[in-house]
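> Need coordinates for the following:
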Amino acid sequence: MSLPFIADKTFEKKDYRKESLTKAEYDNCIFINCDFTDSYLSAVSFTDCQFKDCNLSGIKVKDATFKDVLFSHCKLLGINFYECSDFLFSFEAHHSLFSFSSFFNKNLNQTRFSHCVLEKVDFTNANLSKSCFDHSDLKHATFDNTNLKKADLVTATNFNINPENNVIEYAKFSKEGALTLLNAFKVIIE
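As a prediction, this is how the structure comes out:
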């Protein structure tokens, strides 16, 4: 069953908690100040779409497609992104909250998080190679068997990455950030 195709539309101040978003393929659409809290977006496809000032907390995303999506000033709390379709999964985020979400086993190669809060986000088994965490807060984020090869964490804060359990080859850190990598070894630096 093919989904309806919706292109080049702007959706503004919509409350999808009351009226469900039409299950469709959205291409080059913009969602501004919309509330998707706890909505079912399963099997919905978003390509080249933008979400601005939206609340997407708790959305259900089983088999949803996010390809070249931009999240700007959005709230994305408690989302199981690992349930999304892996096919062409890609997005960029600016000034957004992702706390308590999970990217378990996701390919996030070259993903950019700029000025984001990623508190208690699960990146277990994720591929974050060449990703950037520009001025992003990673407090209590989980990195276990995570590929951070060539990732940029120079301006990231509050991360705790064990170099024995993760790939950090050629990753970029500030001097202060690089010292946190020693936490796993329980050394004392004076």
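
> mind showing which ranges of this protein have poor pLDDT?
1 (pLDDT under 70).

> For it, identify the residue most remote from the centre.
Glu190 (35.8 Å; C-alpha atoms, centre = their mean).

> right, and Leu128 touches Lys150 too?
No. Counting by C-beta atoms under 8 Å, Leu128 sits too far from Lys150 to count as a contact (9.5 Å). Just so you know, the C-beta spots here come from the backbone N, C-alpha and C atoms, and that holds for glycine as well.

> These two - which one has more neighbours?
Leu128 (27 against 18; other C-beta atoms under 10 Å).

> if I pick the more buried one, what's in contact with it?
Leu128 is in contact with Leu108, Asn109, Thr111, Thr146, Asn147, Leu148, Ala151, counting by C-beta atoms under 8 Å, 6 or more residues apart in numbering.

> List phi and psi for it.
Here is the backbone geometry of Leu128 (degrees, to the nearest 10): phi -110, psi 20.

> how close does it sit to Phe143?
Separation of Leu128 from Phe143 (C-beta to C-beta, to the nearest Å) stands at 8 Å.

> any chance of the contacts of Leu128 in CSV, plus neighbour count and distance to Pro163?
What follows is the contacts of Leu128, written out as CSV (neighbours: other C-beta atoms under 10 Å; distance: C-beta to C-beta, whole Å):
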residue, neighbour count, distance to Pro163
Leu108, 22, 19
Asn109, 17, 20
Thr111, 22, 21
Thr146, 25, 11
Asn147, 23, 13
Leu148, 27, 9
Ala151, 28, 13
